[in-house]
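Colleague: here's a sequence, model it:
(2 chains)
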Amino acid sequence: MESVLGRYRNLIVLVGVLFAQVLGLAVQVKRTNDIESTRLIRVWAVGAVAPFEKMLLWVQTTTGGVWHNYFYLRGVRAENRALKQEIERMRLEQVRMTQDADQARRLQSLLAFKEQFISQTVAAQVIGSSGSEQSRAVYIDKGENAGIRPDMAVITADGIVGKVLHVYRSTALVLLINDQTSGVGAILEKSRLQGILRGTPAGEIVLEKVMSDETVPVGELVLTSGGDRIFPKGLPVGRVTRASPGSDLFLNIRVKPAISLSRLEEVLVVTKIDERQAEPERSGTARAADILAERLPTVPPKPETAAGGATSPGASAPSTPDSSAKPAADARPKGSPPAPATNGPAAAVRKAVMPAPSSASDIPKAAATSGVKTSPKPAKPVVEPEPQPAAQDAPQ
Amino acid sequence: MAITYTSGEQVEVYRFSIPATILIPLAAIFLQAWLPLKLHFFSVFDLPLLVTIGFATARRSQLAGLFTGGLIGLLQDALTHQPIGLYGISKTVVGFGASSLGIKLDVENAGARFLLTIAFYVVHEIIYFTIARGLVSLHMEWSWSRELLSGLANAFLGVLLYALMDRVKQRN
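Modeller: As a prediction, this is how the structure comes out:
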């Protein structure tokens, strides 16, 4: 017996070691999402490798910084000029987009939309990968110490990267969106079709669960839908590169990621997302009437007539100002100053049917010509000058 | 030079110093994790596998080979998000097999090492694929052409790596 054991000792040890590993693997597979059982070995492995990666990153950053900041300055002036022009162009664009954003906020507040805002991020550098093509994940140089927690979204300025999977003291493992175990809620920008983004074994990204009777044009932008409760809504994911009928009821849609996932260097970890109801920029309550009134065409100023003479256009429909002005006055709490005219329906209608007074001295005249009944209190807001910014709406 | 059969007494057995035993696998795992970020094509290589084969063929001890392979594999597993044991099992078998072959064959020359590395690379991939699909239910696609090409690339790098490892091994 002993001779048999001695003869096959190595083989028996091999079988024992393999059996132990298979058993351990089976236990891990059985306990899905339980990393605690293997946490110790993962911590050791990451602890052994991460310091070298951080050191190498530091050396690379330092030498690269010295070279680029002090020696290699070729083309910097031209780049500076181009950037200044770009800033000017973007300023103009910003003005236009601010107006659009204000309008969108007002409309969203009317519909009681809730928005997700990225309120806090942590910048991190990619220090290593998992080293396996079956595990598309990278390590970043920030961990528990920097407030990183599992399931936080990882993004760049150009698009999403992945989510935090495992967190260690000073590092964290980020699962990339092209890993086959990842899933991201996504929506197509124009057609608003929703689906689930998944990685493939080859490292590509596909959009699943889009019905095959839908039309998805190549080149359409794919955004996050916010349905996964990890990524905020509206972040760019990539563009559709191919859409073909799949084997079942769904389309087979390939997506090219907006960023190069194999060349990541710096990322942002979204550590805090605020969910709040959209609020318009201006103070006071915006109402549908206000918004509609802003869109109505204004009547050009008429030449002044004798007092009590010809009726103004507003007088031809006197019920409108009256009916609008009354609720505005009634809604005002007792003792409080009168409601601002600009935001009230009365003001809105007045804006639509009568010319805005050009100065304070014109106000009584305008009120007289408009034919609006001006009772002492409620009428006051109506004849207030019409300042544009919300902060200046305070009544006299 | 052709692979020649030699008796157990004729083959030379080598050992590595403790720093080399610890640092070489660590360096291999570190480079495997770091280099693909800078050189994307590097992901076709499996440095920890090459180090496992290098150690196993030099030491010519089955137990040392399987334990070295197992530990390197487990360490490699720990850096991924997959269950631990996929690389561990594959490299345990490769470590055992390479050391067994090292006892029977003369694997000191570059040609033998080249062929040995291709063979063990494919064996490693087959074991990994089988376990990943059968036990962990990972979706994987097998391609003989891709595996053979990767095996060739690993064999070229392996021959260079073994030559470097020869410099730090000591005659037992």
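
Colleague: isn't B:L135 up against A:V27?
Modeller: No. If you go by C-beta atoms under 8 Å, B:L135 and A:V27 don't touch, sitting 11.1 Å apart. For the C-beta atoms, the positions are set from N, CA and C on the backbone; glycine is no exception.

Colleague: pull out the buried positions in stretch B:96-113.
Modeller: For stretch B:96-113, a neighbour-count test (16 or more other C-beta atoms under 10 Å in any protein chain shown) marks B:96-103, B:105-108, B:112-113 as buried.

Colleague: keep these, but drop any that are not near chain A.
Modeller: For chain A, the contacts drawn from these by C-beta under 8 Å from any C-beta of the partner chain are B:F96.

Colleague: any chance of the buried residues of stretch B:96-113 in a markdown table, with secondary structure and pLDDT too?
Modeller: Output for these, formatted as a markdown table (DSSP: H, G, I helix; E, B strand; the rest coil; pLDDT from 0 to 100):
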| residue | secondary structure | pLDDT |
| --- | --- | --- |
| B:F96 | helix | 94 |
| B:G97 | helix | 94 |
| B:A98 | helix | 93 |
| B:S99 | helix | 92 |
| B:S100 | helix | 91 |
| B:L101 | helix | 89 |
| B:G102 | helix | 85 |
| B:I103 | helix | 84 |
| B:L105 | strand | 81 |
| B:D106 | coil | 78 |
| B:V107 | coil | 80 |
| B:E108 | coil | 82 |
| B:A112 | helix | 90 |
| B:R113 | helix | 91 |
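
Colleague: closest to chain A among the buried residues of stretch B:96-113?
Modeller: When those are compared for distance to chain A (C-beta to the nearest C-beta), B:F96 comes out closest, at 5.1 Å.

Colleague: let me see the contact set for that closest one.
Modeller: By C-beta atoms under 8 Å, 6 or more residues apart in numbering or on different chains, B:F96 lies in contact with A:10, A:14, B:56, B:62, B:65-66, B:69.

Colleague: kindly recompute the last result at 10 Å.
Modeller: Contacts here follow C-beta atoms under 10 Å, 6 or more residues apart in numbering or on different chains; on that basis B:F96 touches A:10-11, A:13-14, A:17-18, B:56, B:62-70.

Colleague: over to A:I12?
Modeller: A:4-6.

Colleague: got the contact list for B:L31?
Modeller: Residues counted as contacts of B:L31 (C-beta under 10 Å, 6+ apart) are A:49, A:52, A:128, A:131, B:42, B:45, B:47-48.

Colleague: redo that, cut-off 8 Å
Modeller: B:L31 makes contact with B:L47 under the criterion C-beta under 8 Å, 6+ apart.

Colleague: cool, and the one 5 residues further on?
Modeller: Residues in contact with B:P36, defined by C-beta under 8 Å, 6+ apart, are A:129, A:131, A:262, B:42-43.

Colleague: number of nearby residues for the spatially closest residue to B:M165 that is not a sequence neighbour?
Modeller: Leaving aside its chain neighbours, B:M165 sits nearest to B:G54 (4.6 Å; criterion: C-beta to C-beta, 6 or more residues apart in numbering or on different chains). Around B:G54 there are 25 other residues, counting by other C-beta atoms under 10 Å in any protein chain shown.

Colleague: so where does B:G54 fall, helix or strand?
Modeller: Using DSSP states H and E, B:G54 sits within helix B:47-59.

Colleague: what mean pLDDT does that helix have?
Modeller: Averaged over helix B:47-59, pLDDT sits at 93.

Colleague: what is it packed up against?
Modeller: Under the contact definition 3 or more C-beta pairs under 8 Å, 6 or more residues apart in numbering or on different chains; DSSP states H and E, helix B:47-59 sits against strand B:14-16, helix B:18-38, helix B:62-78, helix B:86-104, helix B:110-134, helix B:144-168.

Colleague: and the residue most central in space within chain B, how far from chain A?
Modeller: Closest residue to the average C-alpha location of chain B: B:L49 at 2.7 Å, with C-alpha atoms, centre = their mean. As judged by C-beta to the nearest C-beta, to the nearest Å, B:L49 and chain A stand 11 Å apart.

Colleague: which residues does the closest residue to that residue other than its chain neighbours contact?
Modeller: Here the nearest residue to B:L49 in space, its sequence neighbours aside, is B:H124; by C-beta to C-beta, 6+ apart that works out to 5.7 Å. Listed by C-beta under 8 Å, 6+ apart, the contact set of B:H124 reads B:46, B:49, B:90-91, B:93-94.

Colleague: again, only using 10 Å
Modeller: B:46, B:49, B:52-53, B:69, B:73, B:87, B:90-91, B:93-94, B:97, B:147, B:151, B:154 are the contacts of B:H124 under C-beta under 10 Å, 6+ apart.

Colleague: can you select the buried ones from the residues you listed in PyMOL?
Modeller: What follows is the PyMOL syntax selecting those of the contacts of B:H124 that are buried according to 16+ other C-beta under 10 Å:
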select buried, chain B and resi 46+49+52+53+69+73+87+90+91+93+94+97+147+151+154
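
Colleague: for the contacts of B:H124, work out which two are farthest apart.
Modeller: Using C-beta to C-beta, the two most remote members of those are B:G69 and B:E147, lying 19.2 Å apart.

Colleague: around chain B, pick out the residues from the stretch 101-250 of chain A.
Modeller: A:126-139, A:165-166, A:173-175, A:179-182, A:198-203 (C-beta under 10 Å from any C-beta of the partner chain).

Colleague: from the residues you listed, which land in strands?
Modeller: Taking DSSP state E, the ones among those that sit in strands are A:126-129, A:137-139, A:165-166, A:173-175, A:198-199.

Colleague: could you dump these into CSV with pLDDT and distance to A:W58 added?
Modeller: CSV is the format used below for those (pLDDT from 0 to 100; distance: C-beta to C-beta, whole Å):
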residue, pLDDT, distance to A:W58
A:V126, 91, 14
A:I127, 91, 10
A:G128, 89, 13
A:S129, 90, 18
A:A137, 93, 22
A:V138, 93, 18
A:Y139, 93, 15
A:L165, 92, 25
A:H166, 90, 23
A:L173, 94, 20
A:V174, 94, 20
A:L175, 94, 25
A:R198, 91, 36
A:G199, 91, 31
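
Colleague: and these, which two are the farthest apart?
Modeller: A:I127 and A:R198 (26.4 Å).

Colleague: which other helices and strands contact the least confident helix or strand in chain B by mean pLDDT?
Modeller: Least confident helix or strand, chain B: strand B:169-171 with a mean of 80, by mean pLDDT, DSSP states H and E. Counting contacts by 3 or more C-beta pairs under 10 Å, 6 or more residues apart in numbering or on different chains; DSSP states H and E, strand B:169-171 is packed against strand B:14-16, helix B:47-59.

Colleague: which elements pack onto the first one?
Modeller: Contact analysis of strand B:14-16 by 3+ C-beta pairs under 10 Å, 6+ apart lists helix B:18-38, helix B:47-59, helix B:62-78, helix B:144-168, strand B:169-171 as its packing neighbours.

Colleague: need the winner for burial among those.
Modeller: Per-stretch averages of neighbours, counted by mean count of other C-beta atoms under 10 Å in any protein chain shown, single out helix B:47-59 among the helices and strands packed on strand B:14-16, with a mean of 27.

Colleague: state the mean pLDDT of stretch A:92-102.
Modeller: 85.
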